[in-house]
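What would the 3D arrangement of this be:
(chains A and B)
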There are 2 protein chains.
Amino acid sequence: MGANINHHYQEVKESYLFAEIAKRIRTWQENNPEIKDKLIRMGIGDVTLPLPKTVVDALASASMEMGKSESFHGYGPEQGYDFLREKILNYYKNFSVDLELEEIFISDGAKSDLGNILDLFAPGSVALVPDPVYPVYVDTNIMLGNKVIFAHSGEENGFLPMPPKGEKVDLIYLCSPNNPTGAVYDHEGLKAWVNYAKENDAVIFFDAAYECFVEGNLPHSIYEIPGAKECAIEFCSFSKKAGFTGTRCGYTVVPKALIRGGQSLQKMWLRRQTTKFNGVSYIVQRGAEAVFTEAGEKEIQGNISYYKENAKIIMETLDALSIYYTGGKNSPYIWLKCPKGMSSWEFFDFLLEKGQVVGTPGAGFGDAGEGFFRLTAFSTKEKTKEAMERIKKLLEV
Amino acid sequence: MGANINHHYQEVKESYLFAEIAKRIRTWQENNPEIKDKLIRMGIGDVTLPLPKTVVDALASASMEMGKSESFHGYGPEQGYDFLREKILNYYKNFSVDLELEEIFISDGAKSDLGNILDLFAPGSVALVPDPVYPVYVDTNIMLGNKVIFAHSGEENGFLPMPPKGEKVDLIYLCSPNNPTGAVYDHEGLKAWVNYAKENDAVIFFDAAYECFVEGNLPHSIYEIPGAKECAIEFCSFSKKAGFTGTRCGYTVVPKALIRGGQSLQKMWLRRQTTKFNGVSYIVQRGAEAVFTEAGEKEIQGNISYYKENAKIIMETLDALSIYYTGGKNSPYIWLKCPKGMSSWEFFDFLLEKGQVVGTPGAGFGDAGEGFFRLTAFSTKEKTKEAMERIKKLLEV
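Sure, this is the predicted structure:
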């Protein structure tokens, strides 16, 4: 009798990845006090450059507005202010994607919406998740008692898994550019997924959090694929684009053409958000709006270029060492094959002890990550250079 | 085959309350263009005074911090920064409630957490909800396929329902001071609920969003009742306390002593938040912190006093007219019995047409709200006075 808990929470595996990394660094530092300051962190998954001035000015100015009767803002629309939704709508036109304002929902970040979107689906759904992968796709499904199937990726498919043959799934997670592998689907690759989703009446959750790093003719949005509006929800964020990891703003696109069980998912999501959410801070939305001004765009491109330069330094080092990797070009992540047949954790210890460089063991992102390693472009240029020189010395034949 | 939607969304009733109010006002304005500017809105559920200067300064200053490398903040703790949690912990000491830091979770508002908390419980739970009530308690349960039972309130219990006899429930919603009735439980009342919850192994969701309006010896927190930590989760917000309805910040207390099915709900909620949430904006948390400074508290008390003055003007008018009401004293809401046996909507039309005053029909908050009407203290003093003078004239014998 009494309140019954959701027992699926006990089925979620505790992730010890970052705790284990911290522990090994601590132990190493204790044993090597004389060189402990030489440590360079190349596993950072967070941005490090400050917010662009244009954004800061907009945030400060919106803060001041809130202090005056005539410009104070109380409850805003749960789905976000039109001033920001319009900017996002226009941004999508860069990729020849036409959206309606009502299809764009402002969120406090992709992570919240990627978890909460499952509210719209029946418990017990079957979710197809790439391996290796951002852990919350798996955990949010386990918490609901959903079944998780993995789409294996590796060198054979360039860490870009393709639809399984003969297997039926309900929900499909795609992340492109991928976290942690940095691999990016081309239009053909996404088309295969859209076709598979439509054949199976499945829904794709497309995590586009790193789209701002995409170059050339590769897709930024799944809606660049014809028919995707009938089968895909897209999640995006200002976190990596504009350094909003601590400022918190993102957006989710639920197309009106997306119908399942005779119901509009756009209407269901609106209902969900108006019932369980009260919108993003007015101040933060004004900050996000500034991202799309001419000055804001310029500053943001400057920051992205800075990270891309770092990625280039890493790629050049790996190229010189003939080490296999994905990412780097269209992503802040570089996913490399551990040299000399080392396991992910063996390479972690090797780099820490011999080079005082810290990265992230690929095995922490799923079974298919074993033997791989993630470096990120979020450190400073100086530290990135120094770390790569050390790695080069360590691994040069 | 394919993605199955959560069909419970179709069972949620569309609320036409505020749409219907807007429609009737529009029609009246079209038919009465010469007096349409005389309209006074006394149904506002949102704050109207701007943010206190201390808060604005903190928001602007934190915005500036984000623009500098040395003070930039990326991902913060999902459960909130300790600088804010510590302030809340100290605030609870005013009511002789001792909390631990880990029991306090910073949220983007009470609404989000009141909805998301159901993630922790098994679907099909039985929820006991007061009638009349804030509609999202009901809707969030219907969306999950939970069973909702109502605890009827009315003049006979001063709109403070007491535990049902012989009935078993899993989840209990209490809101004190109540929205929409403004009624406040005393310690004895809450004690009866705590005892009932413990006897039934149920969990109380205590919505304390209006606690800042409480005066005298009445409880601000359910944890003022011995044993409540073993059966209650408390939700609170800066929305009404400090005018944060558009700035978005709140907090949820999940005591470590709250165990169900052998599991710590505090640990489950931490797991939920770290998986499905990325914390509240650093800037907003700095703004919320300023609420607890000496200057901030003084300004906030000034604002609350302003609203309380308005409530007093409304109460004096109703007293003079011998109209039954609850609230007003410890709440920005005044819940009155419609005069002359009018229904909620009859009184709405009567006030609009004869007095050009708009309020909220009680029937919109549940069956038990029929024949009642909600006025709020969130208008200006001048308009509140004017509205009350008109009502007095209309209803005086």
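
Does residue A:200 touch residue A:231 like I think?
No - judged on Cβ atoms under 8 Å, residue A:200 makes no contact with residue A:231 at a distance of 9.1 Å. To be clear about C-beta, it is placed using only N, CA and C from the backbone, and glycine gets the same treatment.

Show me which of those two is the more surrounded one.
Ranked by neighbour count (other Cβ atoms under 10 Å in any protein chain shown), residue A:200 and residue A:231 place residue A:231 first, with 29 against 20.

and the gap between the more buried one and residue A:153?
Noted for residue A:231: a distance of 21 Å to residue A:153, by Cβ to Cβ, to the nearest Å.

One more: residue A:242?
Counting by Cβ to Cβ, the gap from residue A:242 to residue A:153 is 29 Å.

Run through the residues of the stretch 51-200 of chain A sitting next to chain B.
A:51-53, A:55-56, A:59-60, A:63-64, A:66-69, A:71-76, A:108-109, A:111-112, A:115-116, A:119-123, A:125, A:136, A:139-140, A:143, A:168, A:170-171, A:200 (Cβ under 8 Å from any Cβ of the partner chain).

Residue A:92: neighbouring residues, count only.
20.

Contact partners for it?
A:98-99, A:221, A:223 (Cβ atoms under 8 Å, 6 or more residues apart in numbering or on different chains).

which among the residues you listed gets closest to residue B:376?
Nearest to residue B:376 among the contacts of residue A:92: residue A:99, at 37.2 Å, using Cβ to Cβ.

Ramachandran angles for that closest one?
Main-chain dihedrals, residue A:99, degrees, to the nearest 10: phi -110, psi 160.

ok so, going back, can I have the buried ones of the residues of the stretch 51-200 of chain A next to chain B as a PyMOL selection?
Selection of the buried residues among these in PyMOL, burial being defined by 16 or more other Cβ atoms under 10 Å in any protein chain shown:
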select buried, chain A and resi 51+52+55+56+59+60+63+64+66+67+72+73+74+75+76+108+109+111+112+115+116+119+120+121+122+123+125+136+139+140+143+170+171+200
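
Taking the stretch 201-350 of chain A, what residue is nearest to chain B?
residue A:201 (2.3 Å; Cβ to the nearest Cβ).

that older thread, neighbour-wise, which of residue A:242 and residue A:153 wins?
Neighbour count, other Cβ under 10 Å: between residue A:242 and residue A:153, residue A:242 has more, with 28 against 23.

one step back: thinking the residue of the stretch 201-350 of chain A closest to chain B is in contact with residue B:2, fair?
Yes - taking contacts as Cβ under 8 Å, residue A:201 lies within contact range of residue B:2: 2.3 Å.

Which neighbours do those two have in common?
In contact with both residue A:201 and residue B:2: residue A:260, using Cβ under 8 Å, 6+ apart.

more crowded one of those two?
residue B:2 (18 against 15).

How about the secondary structure of the more buried one?
The local conformation at residue B:2, judged by DSSP: H, G, I helix; E, B strand; the rest coil, is coil.

What's the separation between residue A:139 and residue B:260?
Taking Cβ to Cβ, one finds residue A:139 at 21 Å from residue B:260.

If you could redo that for residue A:161, that was the one I meant.
39 Å.

Between those two, tell me which one has more neighbours.
Neighbours per residue, other Cβ under 10 Å: of residue A:161 and residue B:260, the larger number sits with residue A:161, 25 against 20.

wait, isn't the more buried one in contact with residue A:167?
No - when contacts are counted by Cβ under 8 Å, residue A:161 is not listed as touching residue A:167 (11.9 Å).

Can you classify residue A:174 by secondary structure?
strand.

List the contacts of it.
Here residue A:174 is in contact with A:130, A:185, A:190, A:193, A:204-207, A:222 (Cβ under 8 Å, 6+ apart).

For it, list each beta-bridge partner.
residue A:206 (DSSP bridges).

ranges for the strands of the stretch 101-250 of chain A?
Ranges of strands within the stretch 101-250 of chain A are A:104-107, A:126-131, A:147-152, A:171-175, A:203-207, A:232-237, A:250-253, based on DSSP state E, counting those that start in this stretch.

Please convert these to TSV, extending it with distance to residue B:217.
Listed next are those as TSV, based on distance: least, Cβ to Cβ, whole Å:
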stretch	distance to residue B:217
strand A:104-107	42
strand A:126-131	52
strand A:147-152	53
strand A:171-175	53
strand A:203-207	52
strand A:232-237	48
strand A:250-253	45
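
Redo those as CSV? Include mean pLDDT.
Formatted as CSV, the strands of the stretch 101-250 of chain A follow (pLDDT from 0 to 100):
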stretch, mean pLDDT
strand A:104-107, 98
strand A:126-131, 97
strand A:147-152, 96
strand A:171-175, 98
strand A:203-207, 98
strand A:232-237, 98
strand A:250-253, 98
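
So which of these is nearest residue B:318?
Nearest to residue B:318 among the strands of the stretch 101-250 of chain A is strand A:104-107 (40.8 Å), distances taken as Cβ to Cβ.

Adjacent strands (with direction) for that closest one?
Counting by DSSP bridges, strand A:104-107 is paired with strand A:250-253 (antiparallel).

buried set for the strand it pairs with?
Buried residues in strand A:250-253 (16+ other Cβ under 10 Å): A:250-253.

how far does that strand sit from the chain's center?
Centroid separation between strand A:250-253 and its chain, computed with Cα atoms, centre = their mean, to the nearest Å, is 13 Å.

quick one: contacts of that strand?
With Cβ under 8 Å, 6+ apart, strand A:250-253 has contacts from A:80, A:85, A:88, A:99, A:103-110, A:112-113, A:117, A:209, A:223, A:233-239, A:244, A:269.

Parallel or antiparallel, list what pairs with whatever helix or strand comes next after that strand.
Of the helices and strands lying after strand A:250-253 in sequence (DSSP states H and E), the nearest is strand A:259-260. Applying DSSP bridges, strand A:259-260 is found paired with strand A:263-264 (antiparallel).

Please work out the average pLDDT along the strand it pairs with.
The predicted model gives strand A:263-264 an average pLDDT of 96.

what's residue A:257 in contact with, if anything?
Residue A:257 neighbours (Cβ under 8 Å, 6+ apart): A:229-230.

Phi and psi next, for it.
Dihedral angles (degrees, to the nearest 10) for residue A:257: phi -80, psi -10.

Tell me the pLDDT of it.
For residue A:257, the predicted pLDDT is 98.

and the closest residue to chain B within the stretch 1-150 of chain A, how far is that from residue A:9?
Going by Cβ to the nearest Cβ, chain B is nearest to residue A:2 of the stretch 1-150 of chain A, at 2.4 Å. With distances taken as Cβ to Cβ, residue A:2 is found 17 Å from residue A:9.

can you check residue A:249 too?
Distance from residue A:249 to residue A:9, by Cβ to Cβ: 28 Å.

And those two? Which one has more around it.
residue A:249 (25 against 22).

correct me, but the more buried one touches residue A:289?
No - using Cβ under 8 Å, residue A:249 is not in contact with residue A:289; the gap is 9.7 Å.

Please state the mean pLDDT value computed over the lengthiest helix in chain A.
Ranked by residue count under DSSP state H, the longest helix found in chain A is helix A:294-320. Within the predicted structure, the mean pLDDT of helix A:294-320 is 98.

Likewise for stretch A:78-85?
On average, stretch A:78-85 scores 98.

ok, residues contacting that stretch?
A:101-102, A:104-107, A:251, A:270, A:273-274, A:277-280, A:282, A:285-286, A:288-289.

Got a PyMOL select line for the buried ones in these?
Entered in PyMOL, the line below selects the buried ones among these, by 16+ other Cβ under 10 Å:
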select buried, chain A and resi 104+105+106+107+251+270+273+274+277+278+279+280+282+285+286+288+289
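
Looking at the contacts of stretch A:78-85, which are in helices?
Using DSSP H, those in helices are A:270, A:273-274, A:282, A:285-286, A:288-289.
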